[in-house]
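*Asks:* Dropping a prediction and its sequence here:
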Amino acid sequence: MRHILKLYRTLEAPIAHIPHNYQFITFDPAIHGNEWLQLNNLIFTGHPDQGNWAMADLENRMQEPWFDAKGFFLCVQGGKIAGFCWTKIHQDFVNQDPIGELYVIGVDPSESGKGIGKAVCTEGLIYLKEKGIKQAMLYVDDDNEAGKGLYKTLGFN
């Protein structure tokens with residue numbers, strides 16, 4: 001049985017960019033849509049929610065009122081996407097401040113272990129903080145030990 005954790009962290013303390021040899025850019029669906037979709041499906045092969053997406057799945061998410069390409073970060077090297085962090089801002093809570101979510105995070109398996117996940121997630125957290133968001137959250141499968149380890153180093157609990 002699948003067990004999903006919901007982790008939180010504050011965004012009130014300063015967050016520093018992580019120096020990296022890769023370039024961080026924002027997602028442009030006309031330029032990056034197909035490549036991102038292929039990478040997403042590679043990373044999330046067999047995942048019940050994020051795997052096996054078609055272009056229509058991506059397009060549907062981009063039509064949601066919360067979608068903002070400026071909050072969808074790509075880590076690129078030599079014109080190839082090595083990793084990504086897609087953020088989402090929940091503004092629909094009653095009597096609650098908006099909360100930022102690291103919605104989808106992925107690193108090309110061939111680029112694993114190079115610090116890309118931490119660096120690109122940090123860009124997402126900085127973006128949310130700069131939007132005035134005070135708290136971030138994310139969902140992770142309980143059996144995703146690598147993900148949980150990464151999120152702990154980012155201050156999530």
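*Replies:* Yep, it's here. Just so you know, these numbers come straight off a predicted model, no measurement behind them.

*Asks:* give me phi/psi at N95?
*Replies:* phi 60, psi 30 (degrees, to the nearest 10).

*Asks:* go on, Y151?
*Replies:* phi -70, psi -30.

*Asks:* and the closest residue to it other than its chain neighbours, which of the three is it?
*Replies:* Distances taken as CB to CB, 6 or more residues apart in numbering put L7 closest to Y151, at 5.6 Å, once the chain neighbours are dropped. From N, CA and C alone the C-beta is placed, and that goes for glycine too. Here L7 is strand, with the state taken from DSSP: H, G, I helix; E, B strand; the rest coil.

*Asks:* so what pLDDT did L7 get?
*Replies:* If you check L7, the pLDDT there is 98.

*Asks:* what helix or strand is the closest residue to T153 other than its chain neighbours on?
*Replies:* The spatial neighbour of T153 that comes closest, neighbours along the chain excluded (CB to CB, 6+ apart), is K118 at 6.3 Å. Per DSSP states H and E: K118 is located in helix 116-130.

*Asks:* can you map out the strands along this protein?
*Replies:* Ranges of strands within the chain are 4-10, 23-26, 72-77, 80-90, 99-107, 135-141, based on DSSP state E.

*Asks:* residues making contact with the fifth one?
*Replies:* So the one you mean is strand 99-107. The contact list for strand 99-107 (CB atoms under 8 Å, 6 or more residues apart in numbering) reads 11, 39-40, 43-44, 50, 75, 82-90, 93, 116-117, 120-121, 124-125, 128, 131, 133, 135-138, 147.
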